[in-house]
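> Please find the sequence and the predicted model below.
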Amino acid sequence: MSLIPSIFGGRRSNVFDPFSQDVWDPFEGFFTPSSALANASTARDVAAFTNARVDWKETPEAHVFKADLPGLKKEEVKVEVEDKNVLQISGERSNEKEEKNDKWHRVERASGKFMRRFRLPENAKMEEVKATMENGVLTVVVPKAPEKKPQVKSIDISAN
């Protein structure tokens, strides 16, 4: 559950989470050049795809990431591990080909590249990452190493 109210764009990230790389920009969309006003909705749509939304859930067994990537095939998405503890999800949706006789009334579907990176804690087993894609939803599961329980040794108390 996020500590940030939904007025901050409805993001599920948490500014107090040291692993989160989401940064809320209070000026996002505030300074729009007047020449770009005609393309503002297109720019917003592209930005929405460029910054693909990802849910990150931690269970007792694993870290689970879910990304909505509608219309993409698994061949158009890359899941990579960097620096032993950074998970990177990236991909690209190409623009639809335009024909000379086509008249566009509205363009709302986003296109372009996206990339998200997540720094995982030390207990993540990065060598066992698994990814699946079904119905436009990418699911990445990063198993966790079992928590090491401290050894407790009972000491007998002797009487003096």
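Sure thing, it's come through. A quick note: this is a predicted structure, and the numbers were derived from the prediction, not measured.

> Let me see the ranges of the helices in this structure.
With DSSP state H as the criterion, the chain has helices at 40-50.

> Show me which helix or strand of it is least confident by mean pLDDT.
Using mean pLDDT, DSSP states H and E, the weakest-scoring helix or strand in the chain turns out to be helix 40-50, at a mean of 48.

> In contact with N95, which residues?
The neighbourhood of N95, defined by CB atoms under 8 Å, 6 or more residues apart in numbering, consists of S111. No exception for glycine: its C-beta is placed from N, CA and C like everyone else's.

> Next one: it from R109, what distance?
In this view, N95 and R109 are 10 Å apart by CB to CB, to the nearest Å.

> try A131
Separation of A131 from R109 (CB to CB) stands at 24 Å.

> Pick out whichever of the two has more residues nearby.
A131 (17 against 13; other CB atoms under 10 Å).

> how about that one, what does it touch?
Going by CB under 8 Å, 6+ apart, A131 touches 79, 138-141.

> How about the contacts made by K144?
Residues in contact with K144 (CB under 8 Å, 6+ apart) are 58, 60-63, 123-125.

> Which of those sits closest to I89?
Nearest to I89 out of the contacts of K144 is H63 (CB to CB; 12.7 Å).

> Give me the number of neighbouring residues for the closest one.
H63 has 22 nearby residues by other CB under 10 Å.

> Isn't it up against V54?
No: here H63 does not reach V54: they are 11.5 Å apart, not a contact under CB atoms under 8 Å.
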